[in-house]
Every structure is written in structure tokens, then in C-alpha cells.
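In: Pasting the sequence and the predicted model now:
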Amino acid sequence: MNMETADRLIQPVEPDHLEYLRDESRLSGEAESISFPTSEQQIREIVELLADRQIPVTVQSGKTGISGGAVPGGGHILNLSRMNRFLGLRRDPGGDRYLLRLQPGALLSQINEAVAKREFASGGWSPESLHALESFQQESKSFFFPPDPTETSAAIGGMAASDASGARSFSYGPTRLYIESLRMVLIDASTLELKRGVQQASGLRFQLETEQGRVLNGTLPSYGMPATKNTAGLYIRPDMDLIDLAIGSEGTLGILSEIEIALIPLPPVFTGVMGFFPELAGALQFVKRVRGDGIVEKNFHRPKAMEFFDGNSLELLRRQKHDNPAFSELPEVPEQKAAAVYVEYHGDSPEAVEEQIFELAEILSDCGGSEDDTWLAEQPKELERLKDFRHALPEAINLLIDQRRKSVPGLIKLGTDMAVPDEALERIFDLYLSHLNESTLEYVLFGHIGNNHIHVNILPRSMEDYEKGKQLYRGWAEQVVALGGSVSAEHGIGKLKTQLLRLMYGEEGIEQMRRIIDVFNPEGRLNRGNIVGDHT
């Protein structure tokens, strides 16, 4: 490889690179150098040069993660934000899907816009891809990429590395279900291509071969994953498809250089309903009935999304609407409500969705909701407004913490990312609320309640509050694990939650993960500190 070219790509970290020393977790790190490759070949050249010098490498793309996974701990930053090209398209021969190949720095917003407009920057595409694009543009139906994390500035590389999900993951599932193939550059600059359904483990044993002939042999960890929404640690199943080992590995196995994602038909009818409740118990009963707990009928229609807001969340948004011009377009929130639940249905016809909405209205009334205090969205602009309402809450929380940090510089929010089985929904709420109300800490609860995945955001006013909140978080994690849940349902472990992962899998489980990482990433120089903590 051309080491002289690689040397020119590597720059010292300067004051104008400070934004690359942190991500949305608000954790800050340090690094000596940084590079912005534009191709897989450049990644290989950079990695090979750094290998000769034994320099640790931290991979970044959109830096929207909140677990510190993209924060460097010294060494080199490999930033993939300039690798954002669309590389090709093909029709899935086995189903009603199109498969879009792209570089890891392509943003979710760019993907969504290109797919919706059916317009791609197709320069350099193969004749086969151009033919598929022509067919795609002539389709009578529309298509979409289902994963919908809150941050549309998320890059597809980071989404794959963390197995990102969002509100619609309740029905459509997380990112891994929509990745058909990927390419990785390993820490020794060798390359590996993984295709769904091609490379599989034999029980817990696996063998892979890089394109340069390096053979990777290993034994998968023996731990069992919780039967809940989960992104805690390496994804492991006996006889698993080995592409799933890379997805969600948070950059500890290799550098994603190319990803192929599935686009599926977009339902023609979308309807969203936001119901407000005077009592939390009514809201939880509504959730259980709408998602069909205990119902086994084949024709039962579960919603595509279910989102929750507690009374404190609603009050915070109400205050921001009136006090901050940036939030002035939010809908007016009804007063004195203990909770709100957003439900979204998709269907093939207005009549089918209308029937589901009528059933929903009856359940809402039974659970204490009121038609006068219910928002209905049937048009794209109305749906976007309700989506903005959901996304405004994390923004309002971050704004509040940023204001408090001016007087208490070390302050950050504390946000949980845990999920429990369906039968533990009310129990986990009781646990959270009893501890929070005893503590006098300020907090908001919101999140993906369809998966029993509630974010408890503690909003400290002082470092004493912060330390008190950390103690609560640790205790909750122990209880969540005891209930059969996950300490990280969607944001991954990164560098901030390695101790919580030990609660789930113990020291033996962590050591088994470390042995897998060693197979791909000897000496742990790649994304050091993620998932298993510092390499030992």
C-alpha cells in the first residue's frame, strides 16, 4: 500500500478539531491525530500505517451516540463522515425489496430523502445498478428504510455499529433486520465481506477468511441474551448468521466500509393518535390492551409505534413552548395530565386503518382518556408535527442541562436505556417512581413503551444530585437484570455502561466477549474501551 499517501491523510489534532473529541453523550476524550478517508482503500492505507506504529484507532461517523462509543481515548480518530456516497442498487431476487449499497458516512436524513424522491447520486454506478434504479423509479408503490432513530443526522455506519432502533422498531425491528451485507476493514488492514445467509456459525464455533487469506477461528460466548429489546454486548446465537456478530459490535471487531440496506414497500396509509390520561395507571392499561397482551388472534392488528410521555415530560414541553421561540411550533399540551401515549397505525387502505382507530378510541375511553384531549394525525404534515413533538423532548432536556452546566461545569444528564419483559411493565414503573419520589430528584420518563423501554432522565441541579442519580441507576439495573431485562435496549454499551454490562453477563461473559474481539482485533487497538472496557 502507499504509506506516503496515508501519511498525508493523517493530520494532528488541532483546536478546530475539538468537536471530534466528543459525541452526544457529552463525554470528552483526547487524540493525537485524525483522518477523513473517502474510500475503503484509504481506510486500509491509514490503518496499516497506524498498525506499524501500534497506535489505537477510534472510528466515528455521525457522532450521535449517547454512550461514548465514538469518543477517543488517545491515539487516532478515523472519521468516516466524508464516506457518504451511494454505491449501487439492486432488486432483491427473493422478495419485494430493493437493496441499496452505500458508504458508512451516509446520513439517515440523506437516505430517507433519496428514497422518497427516488433520486440518487448515481455517478459511477454499474449498468446493473442503473437498470435497477430505472425499475425503482417506475415502481407504482413507494419504499422506505424502516429504522427511525430520533437523530436523523445519524450515519448508517453508526446505526449498524450500534444496531440502532427508534419508535417504529416496535413493529419493524432494529437496524440489523435491514442489513443484507457489509464490508469491514480489520485492524491489520485486511478486509472481510459478510453476506446474510452465507457465513454461519456451527453451534458456537465459527470460521471466517479475509480476502487476503487470514483465517479467523473462534468460539462464540455461551451467555443467553434477554428476551427483550436489547443492544447490550455482542449479539450471540448458536448457529447464528455471522453478519449479526458484526452488527451492534460498536466498532470493536472492524471498521465498516460498505453497507447494503433493505428498502421495503411503504404502507400507503399512516395515522397517528396521541392520547392524554389523567392517571398513569390508565395509560399503562391502555398500552397493554392496544398492543394486545395475551391476545393470540391472528387478525389482531398491533400498532407500528407506541411512545410514552409522563406528566413531567409534558410539563417540560409546555414550558419550553411558552418560554423558548425554538419550541413555539409545538402543539398546545393539555394541562394536568399524568401521561400521554402516542400510537401509530399503518395500512393498505383508509378503511382498514379507520377500523383500527375506532377500536383504539374505545380502549382510550375505557382507560380514562378523552376525545377532547386526543390528537389525530392523518396527513403527512400532521404526522410530522407529532414526530417533532416526540423529538423535541430530548432537545428540551439537553437545553436544560446545558443551562445548568454554566454554573456547575461537570454536570451531565443521567439517562437510562433499559427494557424489561411485558409482564414487568407496571413493576418497573413502580420501582422507578418510588425511588425517584423518595429522592426529590428532578426527572422525566419517556420512551418506547411498546417494548417496555422507558428512558428515565434524571435532571441534576448539582453534582450531589448527579451522584445520587448514579446510585439509583445502578440499583435499577440490578433489578432490570433480575426481571430478565436488558441494561441497554437501543443505545449500546459504549464506554459509559461497561459496568452495567457486567451485571448482565458477569466477568465470564465479559471475558468471552473479549476473546471474540481478540480474534478480529488483537491487542484491542480498535475502538478501545467500548463494550468490554480497557483491553487487558
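Out: Everything's here; your move. Residues are numbered from 1 along each chain as shown.

In: so what's residue 436 up against?
Out: By C-beta atoms under 8 Å, 6 or more residues apart in numbering, residue 436 lies in contact with 443, 456, 458, 472. Bear in mind the C-beta positions are built from the backbone N, C-alpha and C, glycine included.

In: Now find how far off-centre whichever helix in the chain runs longest is within its chain.
Out: Across the chain, the longest stretch assigned as helix under DSSP state H is helix 380-405. In this view, helix 380-405 has its centroid 17 Å away from the chain centroid, taken as C-alpha atoms, centre = their mean, to the nearest Å.

In: Stretch 88-106 now?
Out: Going by C-alpha atoms, centre = their mean, where stretch 88-106 is centred and where its chain is centred differ by 20 Å.

In: So which residues make contact with that stretch?
Out: Residues contacting stretch 88-106 (C-beta under 8 Å, 6+ apart): 61-62, 80-87, 111, 115, 120, 125-126, 128-129, 132-133, 135-136, 143, 145, 155-158, 160, 180-181, 256-265.

In: Kindly provide the whole-number mean pLDDT of the longest helix of the chain.
Out: Over the span of helix 380-405, the pLDDT mean works out to 90.

In: so after that helix, what's the next helix or strand?
Out: Next helix or strand after helix 380-405 toward the C-terminus (DSSP states H and E): strand 414-415.

In: what does that next one rub up against?
Out: Residues external to strand 414-415 that are found in contact with it (C-beta under 8 Å, 6+ apart): 66, 455-458, 460, 466, 469-470, 473.

In: can you point me to the longest strand in the chain?
Out: Looking across the chain with DSSP state E, the single longest strand is strand 255-265.

In: tell me what it is packed against?
Out: Packing partners of strand 255-265 (3 or more C-beta pairs under 8 Å, 6 or more residues apart in numbering; DSSP states H and E): helix 40-52, strand 98-102, strand 143-144, helix 156-162, strand 179-185.

In: So which of these is the most surrounded?
Out: helix 156-162 (a mean of 30; mean count of other C-beta atoms under 10 Å).

In: nearest to residue 41, of the contacts of strand 414-415?
Out: Residue 41 lies nearest to residue 66 out of the contacts of strand 414-415, by C-beta to C-beta, at 32.0 Å.

In: With just CA atoms, put stretch 495-515 into CSV.
Out: Output in CSV follows, covering the C-alpha atoms of stretch 495-515 (Å, rounded to 0.1, in the frame of the first residue of the first chain):
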residue,chain,number,x,y,z
LYS,A,495,-17.6,3.4,27.2
LEU,A,496,-20.2,4.6,29.7
LYS,A,497,-22.0,1.4,30.5
THR,A,498,-19.4,-1.3,30.7
GLN,A,499,-20.0,-1.9,34.4
LEU,A,500,-23.7,-2.3,33.8
LEU,A,501,-22.9,-5.0,31.2
ARG,A,502,-21.1,-7.0,33.9
LEU,A,503,-24.4,-7.1,35.8
MET,A,504,-26.0,-8.9,32.8
TYR,A,505,-23.2,-11.3,31.8
GLY,A,506,-20.8,-11.4,34.7
GLU,A,507,-17.0,-11.5,34.4
GLU,A,508,-17.1,-14.7,32.5
GLY,A,509,-19.4,-13.3,29.9
ILE,A,510,-17.2,-10.2,29.5
GLU,A,511,-14.1,-12.4,29.2
GLN,A,512,-15.8,-14.5,26.5
MET,A,513,-16.6,-11.3,24.5
ARG,A,514,-13.0,-10.1,24.9
ARG,A,515,-11.8,-13.4,23.4
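
In: Please state the offset of that stretch from the chain centre?
Out: 20 Å.

In: and that stretch, average pLDDT?
Out: Across stretch 495-515, pLDDT averages out at 96.

In: Can you list the buried residues in that stretch?
Out: For stretch 495-515, the neighbour count (16 or more other C-beta atoms under 10 Å) marks 495-498, 500-505, 509-510, 512-514 as buried.

In: any idea how far the residue nearest the centre of the chain lies from residue 177?
Out: The residue lying closest to the centre of the chain (C-alpha atoms, centre = their mean) is residue 164, at 2.4 Å. Distance check for residue 164 against residue 177: by C-beta to C-beta, to the nearest Å, it reads 12 Å.

In: Could you do residue 397 as well?
Out: From residue 397 to residue 177 the distance is 29 Å (C-beta to C-beta).

In: quick one, which of the two is more surrounded?
Out: A count of neighbours by other C-beta atoms under 10 Å puts residue 397 above the other of residue 397 and residue 177, at 20 against 17.

In: The more buried one and residue 316 touch, don't they?
Out: Yes - here residue 397 reaches residue 316: they are 7.3 Å apart, a contact under C-beta atoms under 8 Å.

In: Between the two, which contacts overlap?
Out: Contacts common to residue 397 and residue 316, judged by C-beta under 8 Å, 6+ apart, are residue 444.
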